[in-house]
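Chemist: How does the following fold in three dimensions:
(chains A and B)
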Amino acid sequence: MANLSDERKQRQHKLEELRNKGINPYPQRYERTHSPAELVRQKDKLIADEVKIKTAGRIVTWRGHGKTCFAHLAGNGSQIQIYVRQDQLGEADYQQFKQLDIADFIGVEGTLFHTRTNELTIVVEKFTLLSKSLRPLPEKWHGLKDVETRYRQRYLDLLANPDVRRIFLLRSQLIQAMRDYLNRQEFIEVETPMMQPLPGGATARPFITHHNALDMDLYLRIAPELYLKRLLVGGFERVYEINRNFRNEGLSTEHNPEFTMLEFYMAYADYNKLMDFTENFIASLAQTVLGKQQLEYADKTIELAPPWKRLTMLAAIATHSSIKEAELGDLQQAKAVAQGLNIPLDKHDTWGKIVQKVFEHVAEPKLFQPTFIIDFPTEVSPLYKSKPDNPDFVERFELYIGGKEIANAFSELNDPQDQRRRFEAQVAERAAGDEEAQHLDEDFLRALEHGMPPTAGEGIGIDRLVMLFTNSQSIREVILFPQLRGEK
RNA sequence: GGGCCGUUAGCUCAAUUGGCAGAGCAACUGACUCUUAAUCAGUAGGUUGAAGGUUCGAUUCCUUCACGGCUCACCA
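Modeler: A predicted model of the protein is given here:
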């Protein structure tokens, strides 16, 4: 990547010449009177009053005509044309100006006018080099398309592709809208450990690191869940955290090893209340960020206006396949169904796990319109409350939009004795060979024994939500620096 | 990890059946005082991802490797 192109040598030579002339190619600061965007917004008054303005930006286009030159300065997503004339600058300064390159940053002073073709333009009276660039920008017309370069050198992608810039602006606005919405509902934002002595709150393989001074292994968190619940014990009734989780799993168009999750907890609520909350929340986010409650995704329209469909997991299987609920009555039956669908099973798969696999195989990809899948097998949900009328299922929903799992929520288990039994079952599964079974967290049990109010909790995958909101088909398009294999 | 596809100038892309590796933009030199994909004339730019192999001759065919994309498995 770091090959010395001729152009780079030429620019380095120019840099030496500037230094030899006593010109600092990287000065400290430049006082602008206006950004390029402000010039556009305030142009009428600035032209009428013939205001002397100072602005700055990166040179992105260049059209020389002998003793005059047009160029565009870009900054923060806006551009302004500049018009440089030898009779304005004087011959020496004009010759100096002609030594500039596309990609250099300059500051300019002058006044605004409209060209013959009615483009807002600065007549430059003075210019100042603010930062010399040693490498060329991607080509102006075709832009930067190479996916690998786009991800590895995202700064070039952001400069060359306006749509990419828009995705990350929208991502920022979406997260801001989330905070605004939750704060209005009297949630408080908290931060809990990213490095945990036990990786809890989800089933996934963790990253392991080591603290030297404490001489102890720590895990990058796979979820903040168990810490947020401790805060419910501590008296906060509504908390949320927006932050990274880390899972040591495979990569795909929907999975990055580090990903951003909104996780929030609401005391005195159950999962039914959270479904109402969630459909209003996400529809409101769309209204705020996109100005409408419909998403265009993968050439289809997703309707976000509530209410959304609610289906039990078994009903979803029955709806999207020819498998009847009765055919999944026990472990043997479920195994037979899964084998009939060529779904690979592990030896230690429980009935609940198999039902979940069948669901993911036959129903999940078809859940394009927003759908809450409710009532998960207790065996795959060790941290959540059982249904009062059927202990085989827990009060849990997963939200599917556009065929993707977007959210996961529960009525949280707050019975410390039940929680201890569930942890012990997980420990037994781990002993039986399931690496992803959860650890017994004695400190968390102690907290529960102090008493946690009835609480509902939910996690929303922000990257996937941004994918939906920006019609992106890969999670790498919504993460600024997605994980890639090391460059050689 | 498996399968399929890709990697050619700074960028975007060509290259016939295996027969001299090209174009546009960017760059360099020159001309040009309202251009905007400026224009005109000229110049330079390549270990065709890497290493092997087949062949008189390989961007092209074969093998291995690297990186990327899609997909399957695992997961959210």
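
Chemist: In terms of helices and strands, where is whichever residue of the stretch 251-400 of chain A sits closest to RNA strand B?
Modeler: Closest approach between the stretch 251-400 of chain A and RNA strand B, counting by CB to the nearest atom of the strand: A:F259, at 3.4 Å. In short, each C-beta sits where N, CA and C put it, glycine included. Assigned by DSSP states H and E, A:F259 falls within strand A:258-267.

Chemist: re the thing from before, residue contacts, the residue of the stretch 251-400 of chain A closest to RNA strand B?
Modeler: A:F259 is in contact with A:244-245, A:247, A:461-463, A:475, A:479, counting by CB atoms under 8 Å, 6 or more residues apart in numbering.

Chemist: Let's see which of those end up in strands.
Modeler: A:244-245, A:461 (DSSP state E).

Chemist: I'd like to know which of these are buried.
Modeler: A:245, A:461 (16 or more other CB atoms under 10 Å).

Chemist: So which elements touch the helix or strand A:A71 falls within?
Modeler: According to DSSP H and E, A:A71 maps onto strand A:68-75. Applying 3 or more CB pairs under 8 Å, 6 or more residues apart in numbering; DSSP states H and E, one finds that strand A:68-75 contacts helix A:36-41, strand A:53-64, strand A:78-85.

Chemist: Can you say which of those is packed in most?
Modeler: For the helices and strands packed on strand A:68-75, the largest average neighbour count (mean count of other CB atoms under 10 Å) is found in strand A:78-85, namely a mean of 19.

Chemist: what does the stretch 301-450 of chain A have sitting close to RNA strand B?
Modeler: A:344, A:357, A:361, A:405, A:408, A:436 (CB under 7 Å from any atom of the strand).

Chemist: that older thread, what lines up beside the strand holding A:F259 in the sheet?
Modeler: strand A:238-246 (antiparallel), strand A:455-461 (antiparallel) (DSSP bridges).

Chemist: What separation do you get for the closest residue in space to A:W308 that isn't next to it in sequence and A:I102?
Modeler: Using CB to CB, 6 or more residues apart in numbering and skipping residues adjacent in sequence, the residue nearest A:W308 is A:P370, 4.1 Å away. According to CB to CB, to the nearest Å, A:P370 stands 46 Å off from A:I102.

Chemist: Have a look at those two and say which one is more surrounded.
Modeler: Per other CB atoms under 10 Å, whichever of A:P370 and A:I102 has more neighbours is A:P370, with 25 against 15.

Chemist: and A:V233, what does it touch?
Modeler: Residues counted as contacts of A:V233 (CB under 8 Å, 6+ apart) are A:447-448, A:450-452.

Chemist: Surely A:L345 and A:V355 touch.
Modeler: No - the criterion here is CB atoms under 8 Å, and A:L345 misses it with A:V355 at 11.7 Å.

Chemist: More neighbours: these two, which one.
Modeler: Here A:L345 and A:V355 are compared on neighbour count by other CB under 10 Å; more neighbours surround A:V355, at 25 against 13.

Chemist: Buried residues of the helix or strand where that one lies, list them for me.
Modeler: Take DSSP H and E as the rule and A:V355 turns out to sit in helix A:351-362. Of all the residues in helix A:351-362, those buried under the rule 16+ other CB under 10 Å are A:351-359, A:361-362.

Chemist: Output these in TSV, with distance to A:A338 appended to each entry.
Modeler: TSV is the format used below for the buried residues of helix A:351-362 (distance: CB to CB, whole Å):
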residue	distance to A:A338
A:W351	11
A:G352	12
A:K353	10
A:I354	5
A:V355	9
A:Q356	10
A:K357	6
A:V358	6
A:F359	11
A:H361	8
A:V362	10
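
Chemist: Not counting sequence-adjacent ones, nearest residue to A:G459?
Modeler: Of all residues not flanking A:G459 in the chain, A:E263 sits nearest, at 4.5 Å (CB to CB, 6+ apart).

Chemist: how far away is that neighbour from A:F187?
Modeler: 11 Å.

Chemist: how does chain A divide into domains?
Modeler: Each domain of chain A is listed here as a residue range: A:6-137, A:159-321+A:363-477, per automatic domain parsing.

Chemist: Just the endpoints, please. Distance across stretch A:148-165?
Modeler: Taking CA to CA, to the nearest Å, stretch A:148-165 runs 17 Å from one end to the other.

Chemist: how distant is that stretch from the center of its chain?
Modeler: How far stretch A:148-165 lies from its chain's middle: 16 Å, per CA atoms, centre = their mean, to the nearest Å.

Chemist: repeat for stretch A:206-219
Modeler: Worked out by CA atoms, centre = their mean, stretch A:206-219 lies 27 Å from the chain centre.

Chemist: same check, this time on stretch A:20-27
Modeler: 40 Å.

Chemist: can you check stretch A:480-488 too?
Modeler: With CA atoms, centre = their mean, you get 16 Å for stretch A:480-488.

Chemist: With stretch A:77-89 instead?
Modeler: 38 Å.

Chemist: can you tell if that stretch touches RNA strand B?
Modeler: Yes - applying CB under 7 Å from any atom of the strand, one finds stretch A:77-89 touching RNA strand B at A:81, A:83, A:85-87.

Chemist: Using TSV, lay out those together with pLDDT.
Modeler: Output for those, formatted as TSV (pLDDT from 0 to 100):
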residue	pLDDT
A:Q81	97
A:Y83	97
A:R85	96
A:Q86	96
A:D87	94
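
Chemist: Just list the residues touching A:E424, thanks.
Modeler: So, once contact is read as CB under 8 Å, 6+ apart, A:E424 ends up touching A:L440.

Chemist: Now the phi/psi pair for the closest residue to A:K385 other than its chain neighbours, please.
Modeler: Nearest residue to A:K385, sequence neighbours excluded (CB to CB, 6+ apart): A:S411, at 4.2 Å. The phi/psi pair for A:S411 (degrees, to the nearest 10) reads phi -80, psi 120.

Chemist: bridging residues for A:S411?
Modeler: Counting by DSSP bridges, A:S411 forms beta bridges with A:A456.

Chemist: Helix or strand next in line after the strand or helix carrying A:S172, which one?
Modeler: Secondary structure assigned from DSSP H and E places A:S172 in helix A:162-184. Next in sequence after helix A:162-184, counting helices and strands by DSSP H and E, comes strand A:188-189.

Chemist: mean confidence for that following strand?
Modeler: Throughout strand A:188-189, pLDDT has a mean value of 98.

Chemist: helices or strands up against it?
Modeler: helix A:162-184, strand A:238-246.

Chemist: The ones you listed into a markdown table, with extra columns for mean pLDDT?
Modeler: A markdown table is the format used below for the helices and strands packed on strand A:188-189 (pLDDT from 0 to 100):
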| stretch | mean pLDDT |
| --- | --- |
| helix A:162-184 | 97 |
| strand A:238-246 | 97 |
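
Chemist: Check these for me and report the most buried one.
Modeler: Taking mean count of other CB under 10 Å, strand A:238-246 is the most buried of the helices and strands packed on strand A:188-189, at a mean of 20.

Chemist: Contacts for that strand next, please.
Modeler: By CB under 8 Å, 6+ apart, strand A:238-246 touches A:175, A:178-179, A:182, A:185-192, A:194, A:202, A:206-207, A:220-224, A:228, A:231-232, A:257-267, A:462.
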